[in-house]
Structure formats: C-alpha cells, structure tokens
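Novice: Next come a sequence and a model predicted from it.
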Amino acid sequence: MTDSWRASEASQLYVLDTVRRADRDRFLGALFAPEPARADLLALLAFDHELARTRAVTREPMLARIRLEWWREAVAEAAGTAKPRAQPIVESLSEMVRRHGLAPERLVALIDAREEEIEGALDVLRAGHALADLQLAVLGIDHAPTQAAARAVAAAWLMGEGPERQALLAEARALRPEVDPAALPILLPALSLGGMSAWLKPLAYWWAARRGRY
C-alpha cells in the first residue's frame, strides 16, 4: 500500500450519483460489496464511464486522444504520492489505487483499450478483461475460475445481443460452483443481460446474491 489519500465526501457522492445515473445495473451490483470495496468499485465504474463517453463527447480523433491523454496523466497522479488533480473521479481513483497499491499501468490498460474505439471497433474482450481484473483487485480476489467468470461477464456487457454474448454468459455461469462468492457484486449484472424490468432488478439481484447465482 502506498501513501493514503482520502477523497472528499463531495467527490464520493459525485461518483455515486454518476454511476447510479449512467450505469444503474452495475451500480446495483456494486452495492452488494462491503465498504471500502463498494466505493472502489464505484470509482472504477465512473472511470470506465468517462472513458466510454469519449466518442460521444467529441467526434474529432485528435481531441479524443487528447482527452484520453488527460486521463493517463490523471491516473499517474492518482498513483503517486502528491495531491491528485481536483476532479471527483480522479480523487476517488486515487483513494482506490493507493489503498490497494495498484500500478497505474493497470488503469492505463483500460484507457488503451478504449483508444481503439476512436477510429475503429472496440475490442470488447480487451476492454472487458482490463476492467474485470481491476474489479477483482479491489475485491482482493486472485482466483483463476473467478477471473474467467468475471472477464466473461465484463466482455458480454460490452456486446449487443447475439450468440457471442450468450456464449460468454454461459461460460461464466458454468463456473458458478467454483467462483469466489466475494465476486458476486461484479457478476450480478449478468442478470440484466437477459432482459428484466427495471423495478424488478433490485429484488432479483438480492435474491440471486443470497443463492450465489448470477
């Protein structure tokens, strides 16, 4: 663990509200994690959201790359020992990275995966695996079957409906007897990929978590 850093309450609330509005299904899953892992997962999802909206923010490739370079610099600051830049998501990332002693390259891997999307198709496996590995790190899980399941769910999340997504979900669910139950907060969103009423999701997630399913 490197030097500690605490994000302000305002930054934590900003991250929570951002994820709740932009990524409700994975937000609901993160709520099943204990603190401080819950806050760490929300910071990662807010970070992922900011990267994912790069193409929507600007259509100009050069400006998109400048935006992603800003995030590379912010990640380096977050992993350092000095005060990070005053941006709510960066502050929350800094708390997460320093709490777990994560190398900044692990977050940069997610940025690099998203950069491919500027002028081409997103490599959903690369992007999904990068996020899943970060999520497992903050949950303190180092277990091959759990990693395989988490990677499959994260990649499926980035796909549209079709046989490839169903194959990934089937792969993840086949591993249910082996996965670490502590990973359920990042596996539960698989339930939403099957189609489910919004009002039903909180109860469905709760019931699935009790049964160790996703």
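Specialist: In hand now; what should we look at?

Novice: Skip the chain neighbours and tell me the closest residue to Met96.
Specialist: Asp40 (4.3 Å; CB to CB, 6 or more residues apart in numbering). Every C-beta, even on glycine, is put in place using the N, C-alpha and C of the backbone.

Novice: pull the CA atoms of the one helix or strand the one you found maps to into PDB?
Specialist: Asp40 is located in helix 37-52, with elements delineated by DSSP states H and E. Presented in PDB, the C-alpha positions along helix 37-52 are these (Å, rounded to 0.1, in the frame of the first residue of the first chain):
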ATOM      1  CA  ALA A  37     -14.600  -2.200  -1.800                       C
ATOM      2  CA  ARG A  38     -18.000  -0.700  -2.700                       C
ATOM      3  CA  ALA A  39     -16.600   2.800  -3.100                       C
ATOM      4  CA  ASP A  40     -13.700   1.400  -5.000                       C
ATOM      5  CA  LEU A  41     -15.900  -0.400  -7.500                       C
ATOM      6  CA  LEU A  42     -18.000   2.700  -8.000                       C
ATOM      7  CA  ALA A  43     -14.800   4.700  -8.700                       C
ATOM      8  CA  LEU A  44     -13.800   2.200 -11.300                       C
ATOM      9  CA  LEU A  45     -17.300   2.300 -12.900                       C
ATOM     10  CA  ALA A  46     -17.200   6.100 -13.000                       C
ATOM     11  CA  PHE A  47     -13.800   6.000 -14.600                       C
ATOM     12  CA  ASP A  48     -15.000   3.500 -17.200                       C
ATOM     13  CA  HIS A  49     -18.000   5.600 -17.900                       C
ATOM     14  CA  GLU A  50     -15.800   8.700 -18.600                       C
ATOM     15  CA  LEU A  51     -13.600   6.700 -21.000                       C
ATOM     16  CA  ALA A  52     -16.600   5.100 -22.700                       C
END
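
Novice: Which positions in the very next helix or strand once past that helix come out as buried?
Specialist: Following helix 37-52 in sequence order, the next helix or strand is helix 54-57 (DSSP H and E). Using 16 or more other CB atoms under 10 Å as the test for burial, helix 54-57 gives Thr54, Arg55.

Novice: Go ahead and name everything in contact with helix 54-57.
Specialist: For helix 54-57, the surrounding residues in contact (CB atoms under 8 Å, 6 or more residues apart in numbering) are Ala64, Arg67, Leu68, Arg114, Glu117, Ile118.

Novice: just stretch 150-157 next, same as before
Specialist: Residues contacting stretch 150-157 (CB under 8 Å, 6+ apart): 26, 124-125, 127-129, 131-133, 135-136, 165, 168-169, 171-172, 183, 186-187, 189-190, 193, 214.

Novice: now do stretch 36-46
Specialist: With contact meaning CB under 8 Å, 6+ apart, stretch 36-46 is reached by 12, 15-16, 18-19, 23, 26-27, 30-31, 33, 89, 92-93, 95-96, 99-100, 131, 134-135, 138-140, 185-186.

Novice: Tell me which entries of those residues lie within strands.
Specialist: The members of those all map outside strands under DSSP state E.
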